[in-house]
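**Student:** Need coordinates for the following:
(2 chains)
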2 protein chains.
Amino acid sequence: MRRFLVIAHKAPLDPGFSLDDLPGGAGRIDILCRAIGASLFLSHGIRRDVETILVLQNAVQIRIIGELVKRLNPDERSTAALIKHALAALDAEEVESTPGIYASRATLSDALDRLYQLEATPVVLSEDGEPADSFDFPDQPAFILSDHMSFTDEEELLLSDLPRLSLGGRSLHTSQCITIVHYLLDRRGEDQEGDLVVCHVVWGEPKAQLIKGLLEDFGIPVNLVGDVPASIYPFSLDGLAKLRIMVRPRDLERARSIIRDYFEEPVEE
Amino acid sequence: MRRFLVIAHKAPLDPGFSLDDLPGGAGRIDILCRAIGASLFLSHGIRRDVETILVLQNAVQIRIIGELVKRLNPDERSTAALIKHALAALDAEEVESTPGIYASRATLSDALDRLYQLEATPVVLSEDGEPADSFDFPDQPAFILSDHMSFTDEEELLLSDLPRLSLGGRSLHTSQCITIVHYLLDRRGEDQEGDLVVCHVVWGEPKAQLIKGLLEDFGIPVNLVGDVPASIYPFSLDGLAKLRIMVRPRDLERARSIIRDYFEEPVEE
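**Tutor:** Below you'll find the model as predicted:
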């Protein structure tokens, strides 16, 4: 599951705010609405494996569960109306204000404790963090973001021991960061889920290594697979082993066209 | 300059739409507002090198120029009000309805012709396009996106000869696609602008090649730079050439830590 926790510094705790002035009177609730949209919406549906958590003024927590949420639409105004409902429903215990949306009184520290209990790994989005290319994304990440303001000193203290992820040199909106994190994780997921596919079959390891090197120069990762591991029997009896050149599905077409241009027509068997 | 052209199929041409119901009565103008925000906003400012073009119902073109636009805010409602102004100002010639926003009567074909005259290269965002990893981004790209609906047959015909770019297996919102395109281009820009920096200095090409290979296994591109090109004088007089191991600034810290773990303390001279 992917979680996003957005810290809102100015958003009102009182449900009386006007839907006609989300950026002004409603303390930049528009930012929270866009963050909710970016975290939960695909083009034609909801990301069911996402929980979006808002912490308002270190006093109220609103959780939106992708698997359960109903009546959520992509526009800001209707999303703000759901936040209004959640604030109006606040009680001593956590309440489900509308389907899949839960409101409670909780501080950032409470929200983090809950994440630890769920064995989620908080990751702070921060311009001084580690670049995404080399970042070791945890299995159950909970990305912590701020609204239009920086983390306060108290917040930084609570977050100080956590891994930090940077999305590059440009400072972006909260919702833009969420969209990019999803993109990066989706790409990783596709790479992991997608089994490698046969791109070409050659006889002889030297040739296979030549093609592998060429494809890797084009940025295409390659696995060579033989019927017998090459390290055990490096050569078949006639000195030529049959080797499959395996690539990711998304690289297949490009890899084939490179092999075609530089070597020969690719074959599958 | 980066351009984004969003084709809106249902957005009204009449400025009388209600700001209180952007998704319904106003024909999903909320999608256009988020697309404008995603294309033009950084966290604390406007992307000045962007032009965002809306084509409404193949009849009206609204252009928003990053370098000139004023009164643009990130929330949907105030952005929709600017679209309202633009529609109200429509005249025989193109008019500047508010600073940096231009409205005219134009079809998609007119809008594309203008892009060609400006020597921009249109690129269609499409799930069946080429993966971003291997896509050859043009210098003056103009990304063509649709709203919540697919391109019509007539539109597909107009766009049929253009390069197509895919952002992965998941179907995303228009604004999410724009955010990801910016991210990809920002990353490329950082790689190109950022001169390589010295990560470590070694004596002897075999060792330099060993370190280069290791770093590349970790996904870090490396250039080896000697005082004299190695291909001309492959060895210095004592058989050891001084070689600088150069990496991108964003890889520097990670590359140094790998060299430290596997070889030795990196040095700069």
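**Student:** tally of neighbours for the residue in the stretch 101-250 of chain A that chain B sits nearest to?
**Tutor:** Closest approach of the stretch 101-250 of chain A to chain B (Cβ to the nearest Cβ) occurs at residue A:171, with a separation of 3.8 Å. Bear in mind the C-beta positions are built from the backbone N, C-alpha and C, glycine included. Neighbours of residue A:171 under the rule other Cβ atoms under 10 Å in any protein chain shown: 13.
**Student:** Checking my notes, it in a helix, right?
**Tutor:** No: judged by DSSP: H, G, I helix; E, B strand; the rest coil, residue A:171 forms no part of a helix; its state is coil.
**Student:** Just read off the phi/psi values of it.
**Tutor:** Backbone torsions of residue A:171, given as degrees, to the nearest 10, read phi -80, psi 120.
**Student:** Now do it against residue B:43, distance only.
**Tutor:** 4 Å (Cβ to Cβ, to the nearest Å).
**Student:** How about the residues of the stretch 51-200 of chain A by chain B?
**Tutor:** A:73-78, A:130-131, A:133-134, A:148, A:167-173, A:175-176, A:179-180, A:182-183, A:186-187, A:190 (Cβ under 8 Å from any Cβ of the partner chain).
**Student:** For the buried ones among these, write the corresponding PyMOL selection.
**Tutor:** Only the buried entries of these go into this PyMOL selection, using 16 or more other Cβ atoms under 10 Å in any protein chain shown:
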select buried, chain A and resi 74+75+76+77+78+130+131+134+148+167+168+170+172+173+175+176+179+180+182+183+186+187+190
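**Student:** Give me the subset of the residues of the stretch 51-200 of chain A next to chain B lying in helices.
**Tutor:** A:76, A:77, A:78, A:175, A:176, A:179, A:180, A:182, A:183, A:186, A:187, A:190 (DSSP state H).
**Student:** quick one, strands of the stretch 1-150 of chain A?
**Tutor:** A:2-8, A:41-42, A:45-46, A:50-56, A:60-65, A:95-98, A:101-105, A:121-131, A:141-146 (DSSP state E, counting those that start in this stretch).
**Student:** Tell me the confidence at residue A:237?
**Tutor:** Here the pLDDT value assigned to residue A:237 is 48.
**Student:** for residue A:21, that is, sorry about that
**Tutor:** For residue A:21, the predicted pLDDT is 92.
**Student:** how near is it to residue A:28?
**Tutor:** Counting by Cβ to Cβ - residue A:21 and residue A:28 are separated by 11 Å.
**Student:** Which of the two has more residues huddled nearby?
**Tutor:** Comparing residue A:21 with residue A:28 by other Cβ under 10 Å, the one with more neighbours is residue A:28, at 21 against 14.
**Student:** rewinding a little: need the ones in helices among the residues of the stretch 51-200 of chain A next to chain B in JSON lines (columns: pLDDT and distance to residue B:110).
**Tutor:** JSON lines is the format used below for these (pLDDT from 0 to 100; distance: Cβ to Cβ, whole Å):
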{"residue": "A:76", "pLDDT": "96", "distance to residue B:110": "32"}
{"residue": "A:77", "pLDDT": "96", "distance to residue B:110": "33"}
{"residue": "A:78", "pLDDT": "96", "distance to residue B:110": "34"}
{"residue": "A:175", "pLDDT": "97", "distance to residue B:110": "32"}
{"residue": "A:176", "pLDDT": "97", "distance to residue B:110": "31"}
{"residue": "A:179", "pLDDT": "97", "distance to residue B:110": "31"}
{"residue": "A:180", "pLDDT": "97", "distance to residue B:110": "33"}
{"residue": "A:182", "pLDDT": "97", "distance to residue B:110": "35"}
{"residue": "A:183", "pLDDT": "96", "distance to residue B:110": "33"}
{"residue": "A:186", "pLDDT": "92", "distance to residue B:110": "36"}
{"residue": "A:187", "pLDDT": "88", "distance to residue B:110": "36"}
{"residue": "A:190", "pLDDT": "74", "distance to residue B:110": "38"}
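**Student:** hang on, isn't residue A:142 packed against residue A:124?
**Tutor:** No: with contact defined as Cβ atoms under 8 Å, residue A:142 does not count as touching residue A:124 (10.0 Å).
**Student:** shared neighbours of these two, anything?
**Tutor:** With contacts taken as Cβ atoms under 8 Å, 6 or more residues apart in numbering or on different chains, residue A:142 and residue A:124 have no neighbour in common.
**Student:** tell me which residues of stretch A:47-58 are tucked away?
**Tutor:** A:47, A:50, A:51, A:52, A:53, A:54, A:55, A:56, A:58.
**Student:** Using a markdown table, please lay out the strands of the stretch 1-150 of chain A together with mean pLDDT.
**Tutor:** Listed next are the strands of the stretch 1-150 of chain A as a markdown table, based on pLDDT from 0 to 100:
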| stretch | mean pLDDT |
| --- | --- |
| strand A:2-8 | 98 |
| strand A:41-42 | 95 |
| strand A:45-46 | 92 |
| strand A:50-56 | 98 |
| strand A:60-65 | 98 |
| strand A:95-98 | 97 |
| strand A:101-105 | 98 |
| strand A:121-131 | 93 |
| strand A:141-146 | 97 |
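**Student:** Which one, of these, ends up nearest to residue A:249?
**Tutor:** Nearest to residue A:249 among those is strand A:41-42; the distance by Cβ to Cβ comes to 20.3 Å.
**Student:** Quick check: can you name the pairing partners of the closest one and their directions?
**Tutor:** strand A:45-46 (antiparallel) (DSSP bridges).
**Student:** chain center to the partner strand: distance?
**Tutor:** 15 Å (Cα atoms, centre = their mean, to the nearest Å).
**Student:** Worst mean pLDDT across the helices and strands of chain A, which element?
**Tutor:** For chain A, scoring each helix and strand by mean pLDDT, DSSP states H and E identifies strand A:223-226 as the least confident one, at a mean of 82.
**Student:** distance between the very next helix or strand once past that strand and the chain's centre?
**Tutor:** Sequence order places strand A:242-247 as the next helix or strand after strand A:223-226, per DSSP states H and E. Computed by Cα atoms, centre = their mean, the separation of strand A:242-247 from the middle of its chain amounts to 31 Å.
**Student:** tell me what whatever helix or strand comes next after strand A:242-247 is packed against?
**Tutor:** On the C-terminal side of strand A:242-247, the closest following helix or strand by DSSP H and E is helix A:252-262. Judged by 3 or more Cβ pairs under 8 Å, 6 or more residues apart in numbering or on different chains; DSSP states H and E, helix A:252-262 is in contact with strand A:197-203, helix A:205-217, strand A:242-247.
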